[in-house]
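Asker: got a structure for you, letters missing:
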């Protein structure tokens, strides 16, 4: 049994992945500037000022944020800004906002999409000297409103309201109405009359989901059908108990969908209880996360990192308030075990068990979990071990991906998010389920990377090209990761097409995409950039093979939803292909606006 030296929280890992879609490192401080941005925010439909709205200014590339609040006339301002490209977003109740800023868990690492179109965000470019004036329009979203009642027409007070939205023919959570991993957004509730109102919605079709209020922790004594956890007593508009039987609500921007009343059916309450033991010696699995999901909502709670309960110090757990139905119980993660009088935490693989609740009032589920596999190694740069770093970490990706259940776009096998941060030049990844994996190194760097992964080996085997097979209760060690600084550099020119249509180089986006599996695992991911003055293009990159193309913003916005690796592979003949070698300088690259 291997005891981990560090507890790596799953949420922290997810946050790191969300902000490392490209290989990045913190940029140097911007030089001081004298530019300023002043403006007014008005409603798009009335032209009236939007007061007391939060206006946020982001420096593109360094995630720096400045904030302002509009006054009674809708005015705001930012001063002393250095040269650079910035994005402005507006936050106020009931207006549409870009989903770019809604915290989400990345579910597709290998098939990661390019940045999607940024709606409801204004982009400006400052030269560090001049000032600009803006008039920003805030768009009122659609509204759904209604009442939640019991079968005898009594209001359901403080019920939780969530939405599902139809995307690409599937129902997926609308994350603006679901709780997020950071816990900084209060949930939507019904009032004392059972009335709810959800504003700021995009046009589309929605399902309204309501659940009974939660009164406290499970285990509160009560009568036979009493329970304190109400989140599983779910109903969909108008009185459905499952997603497939729910009725969709059509929403249009600026309009209200009223009278969306939901009647909560009466259902018997059941209890699911169990014990968790660890490994072959049957030690209690203390303080282990237990997550219960309805079969038609698998992936929703895992995506928001909401566990249902935890085991006690004897490995026992209990959840009351479950209506009859099909469920998936997920147990594992960090486990507290005691050996030789010493308590330590061990990361374990997740174990998933389907459970059917029917006639029995109490259903018992006993589960045994194991330590899984462990992967260890060291990271060196210029012949020396690197220092502690949260910007460089090891992880693995299953060769065979676990498919997401229908509608669960953010469902993921947790092994994708299990990082091994570098500590004193070494890393370890614990609690891995048996299986075959690709080994990866993630680095958070800036637009210009400083280092790249030169090689990954173990006892003479190239792990950049060869997958790793892991079995339960084994340690796969002696992995050596070598980093290097001799990056490839590229100089080129973006040219505009000739013709009557006038275009500006400021309207051009250059997209650089890894073109094969090895580069996708170690080449730093997808990058976008704008050409400089007169179309000059310069950048450094990890060695590898890449697709490179220039698009107008209009082309980019149109193609963004489908710009993934498969799209570039399928249309490879349309894009230029670059093969970059370590330390090599490529000059004379010419890019024209793509026809496709």
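Answerer: Cool, got the structure. Please read these numbers as outputs of a predicted model, since none were measured by experiment.
Asker: when you work out contacts or count neighbours from here on, use the C-alpha atoms and nothing else.
Answerer: Fine.
Asker: just the strands from the stretch 51-200 of the chain, written as ranges.
Answerer: For the stretch 51-200 of the chain, the strands defined by DSSP state E, counting those that start in this stretch occupy 54-59, 64-69, 75-81, 84-91, 121-126, 131-138, 142-150, 160-167, 170-173, 188-189, 195-201.
Asker: enumerate the positions of the fifth one that are buried.
Answerer: Of the residues in strand 121-126, those scored as buried under the neighbour-count criterion (16 or more other CA atoms under 10 Å) are 121, 124, 126.
Asker: from what I can see residue 43 touches residue 135, true?
Answerer: No - using CA atoms under 8 Å, residue 43 makes no contact with residue 135, being 10.4 Å away.
Asker: neighbour count winner among the two?
Answerer: residue 43 (17 against 12; other CA atoms under 10 Å).
Asker: who touches that one in this structure?
Answerer: Counting by CA atoms under 8 Å, 6 or more residues apart in numbering, residue 43 touches 49, 50, 137, 138, 139, 140.
Asker: now do residue 89
Answerer: Contacts of residue 89 by CA under 8 Å, 6+ apart are 55, 56, 57, 97, 98, 120, 121, 122.
Asker: and residue 45, what helix or strand is that in?
Answerer: Using DSSP states H and E, residue 45 maps to neither a helix nor a strand.
Asker: pull the number of nearby residues for it.
Answerer: There are 11 residues near residue 45, going by other CA under 10 Å.
Asker: what's the distance between it and residue 172?
Answerer: Per CA to CA, to the nearest Å, residue 45 is found 29 Å from residue 172.
Asker: what do you get for residue 51?
Answerer: Separation of residue 51 from residue 172 (CA to CA) stands at 33 Å.
Asker: those two: which is more packed in?
Answerer: A side-by-side neighbour count of residue 51 and residue 172, using other CA under 10 Å, places residue 172 first with 22 against 19.
Asker: what sits opposite that one in the beta ladder?
Answerer: For residue 172, the beta-bridge partners are residue 165 (DSSP bridges).
Asker: repeat for residue 551
Answerer: The partner residues for residue 551, given DSSP bridges, come to residue 509.
Asker: look up how far residue 592 lies from it.
Answerer: 8 Å.
Asker: residue 536 pairs with what?
Answerer: residue 493.
Asker: list the residues that contact it.
Answerer: Contacts of residue 536 (CA under 8 Å, 6+ apart): 491, 492, 493, 494.
Asker: if we can go back for a sec, residue 551 and residue 592 - which one has more neighbours?
Answerer: A count of neighbours by other CA under 10 Å puts residue 551 above the other of residue 551 and residue 592, at 21 against 13.
Asker: mind listing what's buried in stretch 160-169?
Answerer: With burial defined by 16+ other CA under 10 Å, the residues of stretch 160-169 counted as buried are 160, 161, 162, 163, 164, 165, 166.
Asker: my bad, should have said stretch 558-565
Answerer: Per 16+ other CA under 10 Å, stretch 558-565 contains these buried residues: 559, 560, 563, 564, 565.
Asker: do stretch 463-481 as well
Answerer: Within stretch 463-481, the residues scored as buried using 16+ other CA under 10 Å are 463-464, 467-468, 470, 472-476, 479-481.
Asker: which residue ranges form the helices in this structure?
Answerer: 10-18, 300-303, 517-522, 553-559, 565-570 (DSSP state H).
Asker: residues near residue 534, how many?
Answerer: 12.
Asker: is it true that it touches residue 504?
Answerer: No - look at residue 534 against residue 504 with CA under 8 Å: they stay out of range, at 9.9 Å.
Asker: which of the helices of the chain has the lowest mean pLDDT?
Answerer: Least confidently modelled of these is helix 10-18, at a mean of 33 by mean pLDDT.
Asker: tell me the bridge partners for the closest residue to residue 130 other than its chain neighbours.
Answerer: Leaving aside its chain neighbours, residue 130 sits nearest to residue 35 (5.0 Å; criterion: CA to CA, 6 or more residues apart in numbering). Beta-bridge partners recorded for residue 35 (DSSP bridges): residue 81.
Asker: quick one, what contacts residue 35?
Answerer: Neighbours of residue 35 in contact, by CA under 8 Å, 6+ apart: 79, 80, 81, 82, 83, 126, 127, 128, 129, 130, 131, 132.
Asker: considering the residues you listed, which is situated nearest to residue 525?
Answerer: residue 83 (26.5 Å; CA to CA).
Asker: okay, now that closest one: neighbour count?
Answerer: 19.
Asker: phi first, then psi, for it.
Answerer: Per-residue torsions, residue 83: phi -60, psi 150 (degrees, to the nearest 10).
Asker: how close does it get to residue 124?
Answerer: With CA to CA as the criterion, residue 83 and residue 124 are 10 Å apart.
Asker: again with residue 231
Answerer: Separation of residue 231 from residue 124 (CA to CA) stands at 44 Å.
Asker: what does residue 553 give?
Answerer: Taking CA to CA, one finds residue 553 at 14 Å from residue 124.
Asker: and for residue 161?
Answerer: Residue 161 sits 37 Å away from residue 124, going by CA to CA.
Asker: now residue 276
Answerer: Applying CA to CA to residue 276 and residue 124 gives a distance of 55 Å.
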